[in-house]
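1. model the following, please.
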Amino acid sequence: MKALLLLAALAFLAPVVSASDKPIDRGVANAAQALAFDLAEYPEAEAADLYKFLHQAIYGPGHAIPDADAAASWLDRELENLGPLLDAEQPCEVLGGSPILVRVNLRPFAAGGGDAAALLDAFVVTAGEIHGQPGQMGEAIEIVVRWLHSDGRENLADELEHLAAKLASKGYPAIHHSEAYIEAYRPAYRVITSKRAATHGWCEPHLKR
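-> Model prediction:
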C-alpha cells in the first residue's frame with residue numbers, strides 16, 4: 001500500500017518539479033520528493049510538520065545544538081525515556097537535501113544496540129557541515145505547495161503557504177512538530193547525513209528502498 005502511495009505521490013510531484021521555468025536546486029528537488037514519500041507514510045502530518053521536514057532537509061540539525069555538551073545531555077535523556085517501538089517503525093526517514101540527510105529514529109536505533117556516542121558525533125558534525133539558504137527553503141515550499149494543490153490537498157497547501165509566509169520574514173526559523181504529529185507518531189530522532197548513517201549501518205535496508 002505504501003509503495004502505491006509513493007508512486008502516486010511522485011507521479012504528481014514530477015511534473016510540478018519539471019514545469020519550473022528555472023533550474024531547480026538538486027537538494028531542493030531531493031527534499032520535495034522525499035517529503036512526498038514521508039507524507040504517504042505519515043498522513044497525520046500537518047503544515048508545521050511539512051515545514052519542519054523541509055527545514056531539516058535544507059538547513060540540517062544545526063538549530064538543535066546550542067553546544068556539544070547540551071546535545072549530549074539531550075540525547076542521553078531522550079534515550080532513557082523512549083518507550084516501546086511503534087508498529088512498523090522504520091530505522092530512518094530520508095529527508096533529501098544535498099548532501100542527502102536522514103532522520104535516524106531513536107527507538108529502532110536503541111533497540112538495535114546503536115552506539116550513542118557515534119550518533120552524537122555524527123549529529124554534531126552534520127550540524128557544522130550543512131549551510132542552507134533562505135532561497136532554497138522558499139523554493140522547496142513553493143514546489144510542495146504546488147504539488148499539494150495538484151494532489152487535491154488544497155487545505156494543507158494553503159496552510160503550509162500561510163505558515164511559510166509568516167516565517168519567511170523571520171528568516172525561516174526552526175519550529176516544533178504539531179501536537180497531532182507528536183500524539184500520533186511520538187517523534188524521536190537525530191538528523192545526520194545518509195553517508196554517515198550508511199557507514200554505521202543504522203538505516204539498512206531502508207536506504208536501499
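
2. pull the distance from the helix or strand where residue 157 lies to the chain's centre.
-> Element membership of residue 157, judged by DSSP states H and E, is helix 154-168. Relative to its parent chain, helix 154-168 has a centroid offset of 17 Å by C-alpha atoms, centre = their mean, to the nearest Å.

3. roughly how far apart are residue 197 and residue 80?
-> Going from residue 197 to residue 80 by C-beta to C-beta, to the nearest Å gives 22 Å. C-beta coordinates here come from the backbone N, C-alpha and C atoms, glycine included.

4. same check, this time on residue 123
-> 17 Å.

5. these two: which is more packed in?
-> Taking other C-beta atoms under 10 Å, residue 123 and residue 80 do not tie; residue 123 has more neighbours (24 against 8).

6. so what's the more buried one closest to, chain neighbours aside?
-> residue 190 (4.6 Å; C-beta to C-beta, 6 or more residues apart in numbering).

7. ok, residue 27 touching residue 130?
-> No: using C-beta atoms under 8 Å, residue 27 is not in contact with residue 130; the gap is 9.5 Å.

8. find the residues that touch each one of the two.
-> residue 97 (C-beta atoms under 8 Å, 6 or more residues apart in numbering).

9. mean confidence score for whatever helix or strand residue 123 lives in?
-> Taking DSSP H and E as the criterion, residue 123 maps to helix 116-129. Averaged over helix 116-129, pLDDT sits at 95.

10. which of the residues in that helix are buried?
-> 116, 119, 120, 121, 122, 123, 124, 126, 127 (16 or more other C-beta atoms under 10 Å).
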